[in-house]
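1. Provided below are the primary sequence and the corresponding predicted coordinates.
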Amino acid sequence: MPPLSAELLARLRAVPELRVWPGAPLSPFTTFGSGGRAKVLLTPGDPESLVEALAILREAGMSWSVLGAGSNVLVADQGYPGAVISLGGEFAYLQEDYPHPALVVGAGLSLPRLAVQAADRGLSGLEFTCGIPGSVGGAVAMNAGAHGSSLAQVITDVQIADPEGLHRVEVGELEWHYRRCGLPADAVVTAVRLELVAADRQEILIRHRTFQQARRRTQPRGVRNFGSTFKNPEGEAAGRLLEAAGLKGIRRGGAQISSVHANFVTNVDEASTRDALDLMTIMRESVWAKHRIALDPEVRLLGAGFPWQRAGDQAR
Ligand SMILES: Cc1cc2nc3c(=O)[nH]c(=O)nc-3n(C[C@H](O)[C@H](O)[C@H](O)COP(=O)(O)OP(=O)(O)OC[C@H]3O[C@@H](n4cnc5c(N)ncnc54)[C@H](O)[C@@H]3O)c2cc1C
């Protein structure tokens, strides 16, 4: 991948509160831990520096993508040939808001931390997030959900940055789908406002425990993964279809389909993204052969297309 031009690097480095890391490795920023480098990694420390960076990238014609906690992303082994934006710790804030029991939270806050902080304030509605290892921004982009609830149900509005500036978008202005939110293509979520319900803290914590126990029973533990590999098809569970296809435990390189849950690909020995994609191809082909159902990936691929897609078909 050709390096960043000296002129673009200098312009980015001149933005106050923007940390600039040319050629940064991306695997440490993902839960699966594979993949190559970004042409440049940008870590804005406030929304204004983010907007300025986006405007510079647009002017330079450089593609960019956002990484949250990297818990639903595979980075291509050859890396990402543009700028990757990772919000700084300054975006991991939480403020109470009124008149309803409400919170305004930064996009960089982790979901488990959000769940605990809401519980501490006696606010219910976010219990389902307690075991999801993503960030608030990634949870908006993915419309994260579990145990019958999803983020779209508690959000009132989303603050986004784009190369033009900062905007507030009401929840009804966005299209919310299963594990997808119709964010504008060049939008980075910077914060959300959530309306919640006052409830007893102990009861909230009991729900956390119940959800955590259910996860411990049904999902692999102590091994790197990126959560659900494929979305559940209408009226079906991807895990059940994959298990019925006899795929639990099969391995390609350092990646293995979990023997606990067949919709989880785990990194058991320094897996490459190619290893994970080889398994995903087998998973898709096996379910198609047995059930005539085409599985749709839930995991997002950064820097390449899925092997069964046409070139240029990648998420962003
Ligand atoms: C063990 C495990 C269990 C999981 N369980 C669940 C579950 O129960 N339910 C569920 O829904 N998911 C689950 N996931 C998947 C994942 O945690 C969620 O999708 C989460 O919301 C992704 O957030 P993230 O910050 O990690 O986003 P990333 O993985 O970093 O990114 C995901 C997508 O969001 C985009 N994005 C990230 N941040 C922003 C931003 N600020 N603005 C705009 N776009 C952004 C990225 O560009 C990318 O397209 C699980 C994952 C793991 C590893």
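-> That came through fine.
2. what's the following helix or strand after the host helix or strand of Gln212?
-> Assigned by DSSP states H and E, Gln212 belongs to helix 201-218. Sequence-wise, the next helix or strand downstream of helix 201-218 (DSSP H and E) is strand 224-225.
3. For Asn143, give its distance to Gly165.
-> 25 Å (Cβ to Cβ, to the nearest Å). (C-beta placed from N, C-alpha, C; glycine too.)
4. And for Ser110?
-> From Ser110 to Gly165 the distance is 27 Å (Cβ to Cβ).
5. Those two: which is more packed in?
-> Ser110 (20 against 12; other Cβ atoms under 10 Å).
6. okay, the residue nearest to the more buried one when sequence neighbours are not counted: pLDDT?
-> Closest residue to Ser110 apart from its sequence neighbours, by Cβ to Cβ, 6 or more residues apart in numbering: Ser135 at 5.9 Å. What the model reports for Ser135 is a pLDDT of 98.
7. Gly88 now?
-> 88.
8. For it, give me its contacts.
-> Contact analysis of Gly88 by Cβ atoms under 8 Å, 6 or more residues apart in numbering lists 19, 43-45, 108.
9. Kindly provide the distance from it to the ligand.
-> 12 Å (Cβ to the nearest ligand atom, to the nearest Å).
10. how close does Ala255 get to the ligand?
-> 14 Å.
11. Also Ala146?
-> For Ala146 relative to the ligand (Cβ to the nearest ligand atom), the value is 4 Å.
12. And the residue nearest to that residue when sequence neighbours are not counted, what's its pLDDT?
-> Spatial nearest neighbour of Ala146, chain neighbours left out: Phe128 (4.5 Å); criterion: Cβ to Cβ, 6+ apart. For Phe128, the pLDDT comes out at 96.
13. And for the one 4 residues further on?
-> The predicted local distance difference test score for Ile132 is 97.
14. what's the helix or strand hosting Ala38 packed up against?
-> Using DSSP H and E, Ala38 maps to strand 38-44. Packing contacts for strand 38-44, counted by 3 or more Cβ pairs under 8 Å, 6 or more residues apart in numbering; DSSP states H and E, involve helix 6-13, strand 18-22, helix 47-60, strand 80-86.
15. need the ones you listed in TSV with distance to the ligand and mean neighbour count, can you?
-> Shown next, in TSV, are the helices and strands packed on strand 38-44 (distance: least, Cβ to the nearest ligand atom, whole Å; neighbours: other Cβ atoms under 10 Å):
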stretch	distance to the ligand	mean neighbour count
helix 6-13	19	14
strand 18-22	16	17
helix 47-60	9	20
strand 80-86	8	22
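16. out of these, which comes closest to His291?
-> strand 80-86 (33.9 Å; Cβ to Cβ).
17. Can you tell me the strand partners of the closest one and which way each runs?
-> Sheet pairing of strand 80-86 (DSSP bridges) gives strand 38-44 (parallel), strand 64-67 (parallel).
18. right, and the ones you listed - which one's nearest Met1?
-> strand 38-44 (5.9 Å).
19. which residues touch the most centrally placed residue in the chain?
-> For the chain, the residue nearest the mean C-alpha position is Gly138 (4.0 Å; Cα atoms, centre = their mean). Counting by Cβ under 8 Å, 6+ apart, Gly138 touches 68-69, 71-72, 144.
20. so which of these are also by the ligand?
-> The subset of the contacts of Gly138 within reach of the ligand, by Cβ under 6 Å from any ligand atom, is 68-69, 71-72, 144.
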